[in-house]
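# Provide a 3D model corresponding to the input given below.
(chains A and B)
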Protein chains: 2
Amino acid sequence: MAETSRDAKRARTAQLILEAAREEFATRGFDGATIRGIAAAAAVDPSLVIQHYGSKAALFAVAVQLPSNNADVAADHLLEVLAVRLGELPPETRALVRSMLTVPEAEASMRQFLDERVENLAGSFDGDDAKLQALLAVSGILGLTITQHFLKLRAFDDVSSESLLEAAGGWLAPAKGDT
Amino acid sequence: MAETSRDAKRARTAQLILEAAREEFATRGFDGATIRGIAAAAAVDPSLVIQHYGSKAALFAVAVQLPSNNADVAADHLLEVLAVRLGELPPETRALVRSMLTVPEAEASMRQFLDERVENLAGSFDGDDAKLQALLAVSGILGLTITQHFLKLRAFDDVSSESLLEAAGGWLAPAKGDT
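Numbering: from 1, shown residues only, chains lettered A, B, ... in the order given. Next up is the predicted model:
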């Protein structure tokens, strides 16, 4: 019984640290985030962060894991994860996108995630140019995610999220829609 | 005469440092690049880098300046700068894109550059949704630049650069082309 409650406490601490790490990586990027800052945000001692995750790099690898590929993951899910439809990106996605151009682990994780999405999508499209259309859709949605949630371009003030979602949806259905 | 030749030497040194800095920032990002490494690549003493540019941040700001907006800068130029048509990105663009998600100066510079492109493009499109189409085109091309030149997605091995260029060109001419 004492064993179990100690285990439960350990798991809770690990989870708290992970959530704090996602926020810190999402806001400050990999280089800007520190073990000390993550520990402070989780209200634990820095030594506990190391005890649970080993190093900042190892914690980062866990923090930015995205849902892996499977049959249920439809094109729609891409919109979900990349948040064209959401006001706010989930912190693990923000952490991963923010770091993908400067941290090799994040770059590799993002490459694998997007390679899988392109394969999936291409399989669902008709026509000779299925792979090209899938590549364009995935690249376009990544671009929108960056211009909307990171660079915050001015033009987003002037377009409705419905029209954006419709347009991105058009990229995801090149065979069907030409509205 | 001696004055002039000293000035010319100074200018040449400044130019050498700037080119080395662009390469270093492009490859290592802002945080990874160092004054020492830039000086070594330019084959000058580190103190000269400081003498010419003041600080790493100031040098970065000069290194990532993109051509600013003017009437001649057509939609085509966006493809040029973002290199959908090129095998290789110019180092100042690589440096800027690589750092735009982690370095505030790069983020601001990229935001301004893309805001201007969206305005320009929207002005050249017909229809009620000109701004939406411009935003989609600029975001899409940024996304392609990242998936092609930074993440290097696998699918690029299977599509021709002609078909990519044509597709990106289609984003830039929504009113005309539906090929």
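# got the buried residues for the longest helix along chain A?
The single longest helix within chain A, with elements called by DSSP state H, is helix A:2-32. For helix A:2-32, burial by neighbour count (16 or more other CB atoms under 10 Å in any protein chain shown) applies to A:13-14, A:16-26, A:28-31. Glycine gets a C-beta too; all of them are placed from N, C-alpha and C.
# filter those down to the ones near chain B?
Applying CB under 8 Å from any CB of the partner chain to the buried residues of helix A:2-32, one finds that A:29, A:31 fall near chain B.
# and the very next helix or strand once past the longest helix of chain A, anywhere near chain B?
For helix A:2-32, the following helix or strand on the C-terminal side (DSSP states H and E) is helix A:35-42. No - Helix A:35-42 lies out of reach of chain B by CB under 8 Å from any CB, never closer than 15.7 Å.
# now do the helix or strand just after helix A:35-42, average pLDDT.
Using DSSP H and E, the helix or strand that follows helix A:35-42 towards the C-terminus is helix A:46-53. For helix A:46-53, mean pLDDT is 93.
# past helix A:46-53, which element shows up next along the chain?
Sequence-wise, the next helix or strand downstream of helix A:46-53 (DSSP H and E) is helix A:56-63.
# isn't residue A:37 up against residue A:21?
No - judged on CB atoms under 8 Å, residue A:37 makes no contact with residue A:21 at a distance of 9.5 Å.
# pull up the overlap in contacts between those two.
Common neighbours of residue A:37 and residue A:21, counting by CB atoms under 8 Å, 6 or more residues apart in numbering or on different chains, are absent.
# before we move on, back to that, next, the angle helix A:35-42 makes with the longest helix of chain A.
With axes from the mean of the first three to the mean of the last three CA atoms, to 10 degrees defining the directions, helix A:2-32 sits at 130 degrees from helix A:35-42.
# what is helix A:2-32 packed up against?
When contacts are defined as 3 or more CB pairs under 8 Å, 6 or more residues apart in numbering or on different chains; DSSP states H and E, helix A:2-32 packs onto helix A:35-42, helix A:46-53, helix A:56-63, helix A:91-99.
# winner for burial among these?
helix A:91-99 (a mean of 24; mean count of other CB atoms under 10 Å in any protein chain shown).
# could you chop chain A up by domain?
For chain A, automatic domain parsing gives the domain ranges A:1-63, A:66-179.
# hey, least reliable of those domains by pLDDT?
domain A:66-179 (a mean of 78).
# do the helix or strand containing residue A:136 and chain B meet?
Here residue A:136, judged by DSSP H and E, is contained in helix A:130-145. Yes - against chain B, helix A:130-145 shows contacts by CB under 8 Å from any CB at A:131, A:132, A:134, A:135, A:136, A:138, A:139, A:140, A:141, A:142, A:143, A:144.
# how about TSV for those residues, with distance to residue A:171 and neighbour count added?
Converted to TSV, the residues of helix A:130-145 next to chain B look like this (distance: CB to CB, whole Å; neighbours: other CB atoms under 10 Å in any protein chain shown):
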residue	distance to residue A:171	neighbour count
A:131	14	22
A:132	12	21
A:134	9	25
A:135	11	29
A:136	7	27
A:138	9	30
A:139	9	30
A:140	5	28
A:141	7	25
A:142	11	26
A:143	10	24
A:144	9	27
